[in-house]
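Participant: Give me a model of this one.
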Amino acid sequence: MNKLSNNSSGNIPFPIIINILLFTFYFLISSVTPYVADDFRYKLNPLNFEFSFKTIPEIFNFQIWHYFNWGGRIVAHTFVQLFLVPTKLYFNIFNAIIQTLLINTIFFYAFNRVPSRTKKDASLLLFINLLLFLGFYKYTGMSIYLTSTINYTWMHLFTLLYFVPHWNYFINGQDSEYRYIFLFLGIIIGCTNEHVFIAQLFFFIVILILNKRFIINSLPKFYYHSFSGIVLGGLVLILSPGNIIRANTTKFKLTFSSIIDYIIYDLTWVINYIKPFWLIIIPLYTFYYFFYKPNFQIKSSHIFILLIGIISSAAISISPSYHSGTNLFLYICMITFVLSLIKPSLLPDIFLHTMLIFSILLFLYLYSNHCNINEYFKRTENSILLQKENGNEHILVKKINIQTNRLISYYAIETDSSLPRNKNISRYYKIKSIRSGDQ
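Facilitator: Predicted structure coming up:
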């Protein structure tokens, strides 16, 4: 780092170096992360990693069944099942690319540009990654584990990338002639996540209202194509018969009381669940504004981004189930808004060194724990196959000895064999039941 510091920033592609490090960060951790939870349910070729074209019709048929019996996330679950067919190596590579691209996309929305060849921009890429892991509760579940990662960070990135041309139009006046591509891609993007679809709908309606009231002069050529695509994709997602069946299994009833309960939960989430985010941001920004005294400026475009995130989170109040993971889109919008309040050029060079040190410590902690999880998985799978070979179809496996926390997430085999995830594992290994316990 001393050699890098002594060179001109313009001669060293710092963001490229950092992006390579981020790719390596995610790839190595994913490489020691086994299948878990819903991965066992959606993998159509258990204990087999050979890709065959006959699997494609099976995936298609499963999506039809899933749509009518559980939910409408066709896009996400198609990707999930495609990446579950071959060895997990392919997912590890693609996921590392996507997580790195997500961090760069957040940077783009915050500063309206891609990272330049400076240490300051490079340090912010690391800072975004740290905020994701340290601030968001169990972000590993949203960025490392296959099914949940594709359902959330992959789908959120697809949405953010889809709206880049819209952002470029309203911020920089750049239009596009490829209108019908926006219609086709809009159908896909609208069919990713229910709460994000509501936020997308909010975006288009607000833009249309602003245009009608002459606050903005014109709409891009691809506006109505995008709007139509998003609506069509969202309707496919929302109108899935499986959504009703899923809601009935949770005995969900949409009432005024249930909405209030969610709002209370959401406020608790903002204050308590992401408390480390505030513990990092508040003192850091206080120091920044006290010593560097930049011109404080909040852009209306970034307020709009934050509002879109809030709408996506509020939409979950009408959902039959929710958990902290569903707030990820709001959290990404919050990071984007907070970053937009600083000027990268004012950051001290030591900020990069600090971010590197914390990133290395984070990597070592995550990697060592995921290695333990992977070793446990291998031992458990060997035990399951051995007991099955000996004629035992009611399997008992040893509990994992690991302390989960906001950084370490793992859905271990439960002690109750009747739970859905245990049943999925039983189906995967073609046994009658499985549970964990003391041996």
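
Participant: By neighbour count, which bits of stretch 248-266 are buried? Give me those.
Facilitator: Using 16 or more other C-beta atoms under 10 Å as the test for burial, stretch 248-266 gives Tyr262, Tyr265, Asp266. C-beta here means a position set from N, CA and C on the backbone, and glycine is covered the same way.

Participant: And the second one, how close does it get to Asn327?
Facilitator: Put plainly, it is Tyr265. Per C-beta to C-beta, to the nearest Å, Tyr265 is found 10 Å from Asn327.

Participant: again with the last one
Facilitator: Here the criterion is C-beta to C-beta. By it, Asp266 lies 7 Å from Asn327.

Participant: Can you name the secondary structure element that comes next after the helix or strand of the chain with the lowest mean pLDDT?
Facilitator: Every helix and strand in the chain was compared by mean pLDDT, DSSP states H and E; the lowest is helix 2-6, with a mean of 45. Per DSSP states H and E, the first helix or strand lying C-terminal to helix 2-6 is helix 14-31.

Participant: dump the residue contacts of the residue sitting nearest the centre point of the chain.
Facilitator: The centroid of the chain falls nearest to Thr153 when counting by C-alpha atoms, centre = their mean (2.0 Å). Thr153 makes contact with Ile98, Gln99, Leu102, Met142, Ser143, Leu328, according to C-beta atoms under 8 Å, 6 or more residues apart in numbering.

Participant: ok, now with 7 Å
Facilitator: By C-beta atoms under 7 Å, 6 or more residues apart in numbering, the residues touching Thr153 are Ile98, Gln99, Leu102, Met142, Ser143.

Participant: Determine which two of these are furthest apart.
Facilitator: Ile98 and Met142 (11.8 Å; C-beta to C-beta).

Participant: Extract the residue ranges of the stretch 1-150 of the chain that are flagged as low pLDDT.
Facilitator: Residues of the stretch 1-150 of the chain that meet the criterion pLDDT under 70 lie in 1-11.

Participant: can you do 80?
Facilitator: Across the stretch 1-150 of the chain, residues meeting the criterion (pLDDT under 80) sit at 1-12.

Participant: thought Val114 was touching Ile106?
Facilitator: No - using C-beta atoms under 7 Å as the test, Val114 is too far from Ile106 to be in contact (11.7 Å).

Participant: who touches stretch 73-90?
Facilitator: Contact with stretch 73-90 is made by 39, 42-45, 49, 51, 55, 59, 62-63, 66-67, 91, 146-147, 150-151, 154-155, 188, 191-192, 237, as judged by C-beta under 7 Å, 6+ apart.

Participant: and if you look at stretch 188-200?
Facilitator: 74-76, 155-156, 158-159, 162, 229-234, 236-238, 308, 311-313, 315-316, 319, 326, 329.

Participant: Quick one, which of these are buried?
Facilitator: Buried among the contacts of stretch 188-200 (16+ other C-beta under 10 Å): 74-76, 155-156, 158-159, 162, 229-231, 233-234, 236-237, 308, 311-313, 315-316, 319, 326, 329.

Participant: how many other residues sit next to the residue nearest to Tyr180 when sequence neighbours are not counted?
Facilitator: Nearest residue to Tyr180, sequence neighbours excluded (C-beta to C-beta, 6 or more residues apart in numbering): His225, at 6.4 Å. His225 is flanked by 20 other residues according to other C-beta atoms under 10 Å.

Participant: Measure how far the helix or strand containing Leu185 is from the centre of its chain, please.
Facilitator: Using DSSP H and E, Leu185 maps to helix 179-190. The chain centre lies 21 Å from the centre of helix 179-190; the measure is C-alpha atoms, centre = their mean, to the nearest Å.

Participant: Could you pull out the buried residues of the helix or strand following that helix?
Facilitator: Heading C-terminal from helix 179-190, the first helix or strand you meet, by DSSP H and E, is helix 194-212. Neighbour counts over helix 194-212 (16+ other C-beta under 10 Å) mark Glu194, His195, Val196, Phe197, Ile198, Ala199, Gln200, Leu201, Phe202, Phe203, Phe204, Ile207 as buried.

Participant: any idea which of these is closest to Asn422?
Facilitator: Closest to Asn422, out of all of the buried residues of helix 194-212 and judged by C-beta to C-beta, is Glu194, at 27.1 Å.
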